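S.K.: Below is the sequence, then the predicted model.
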Amino acid sequence: MDFKTASALRRLRLVSAPEAVSFLLLLVCSVLKRTTDFNAVPVMGMIHGILFILYVLFWADAWNRTKWPLKRAAIYFVLSVLPTGGFFAEKMLRQETEASVTAARARKESEESRDSQKSEESMAGE
């Protein structure tokens with residue numbers, strides 16, 4: 001995984017949990033608005049709207065860079081519109097990123113061992 005792809009996944013992962021929290025807080029504010037004189041919906045609505053727009057932008061960037069299949073991209077998008085979906089998206093993205101990093105490290109180590117074997121063989125042949 002290249003740096004830009006890893007960065008895109010990290011950005012999406014980092015905005016998914018705050019987006020989910022803001023959605024839940026917006027729901028709480030909506031209930032409080034109807035049951036009390038407390039009205040924080042305009043403020044929470046703005047915060048949630050900004051976080052949701054960031055999520056969608058980062059989702060589109062991650063989809064473009066990772067070349068996810070349509071099903072996986074759709075799952076991440078649907079998770080953004082569910083009240084607690086952002087928490088699940090964050091967990092899935094963390095697992096996906098860790099798996100990619102592990103695979104990249106394994107590839108690097110195998111390349112290094114191959115290079116060291118080639119240098120040893122060339123030294124033995126001299």
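M.R.: That came in fine, so what should we check first?

S.K.: pLDDT below threshold where in the protein?
M.R.: The chain contains residues with pLDDT under 70 at 120-121, 124-126.

S.K.: The protein: helices as residue ranges?
M.R.: Counting by DSSP state H, the segments of the chain that form helices are 3-35, 41-66, 70-81, 85-125.

S.K.: Quick check: buried residues in the second one?
M.R.: Under the neighbour-count criterion of 16 or more other CB atoms under 10 Å, helix 41-66 has 44, 47-48, 51-52, 54-56, 58-59, 61-63, 65-66 buried. In short, each C-beta sits where N, CA and C put it, glycine included.

S.K.: One more: the first one?
M.R.: Applying a neighbour-count criterion of 16+ other CB under 10 Å, one finds 5-6, 8-9, 11-13, 15-16, 18-23, 26, 29 buried in helix 3-35.

S.K.: how much does that helix deviate in direction from helix 85-125?
M.R.: In terms of direction (axes from the mean of the first three to the mean of the last three CA atoms, to 10 degrees), helix 3-35 departs from helix 85-125 by 170 degrees.

S.K.: report the angle between the axes of helix 3-35 and helix 41-66?
M.R.: Interaxial angle, helix 3-35 versus helix 41-66 (the same axes, to 10 degrees): 160 degrees.

S.K.: Distance from the chain centre to helix 3-35, please.
M.R.: 12 Å (CA atoms, centre = their mean, to the nearest Å).

S.K.: try the second one
M.R.: The chain centroid and the centroid of helix 41-66 are separated by 12 Å under CA atoms, centre = their mean.

S.K.: And for the nearest residue to Val78 once chain neighbours are set aside, the neighbour number?
M.R.: Once flanking residues are discounted, Val78 sits nearest to Gly85: 6.9 Å by CB to CB, 6 or more residues apart in numbering. As a burial measure, Gly85 scores 19 neighbours (other CB atoms under 10 Å).

S.K.: Go ahead and confirm Gly85 touches Leu24.
M.R.: No - using CB atoms under 8 Å, Gly85 is not in contact with Leu24, being 10.8 Å away.

S.K.: OK, contacts around Pro42?
M.R.: Going by CB atoms under 8 Å, 6 or more residues apart in numbering, Pro42 touches no other residue.
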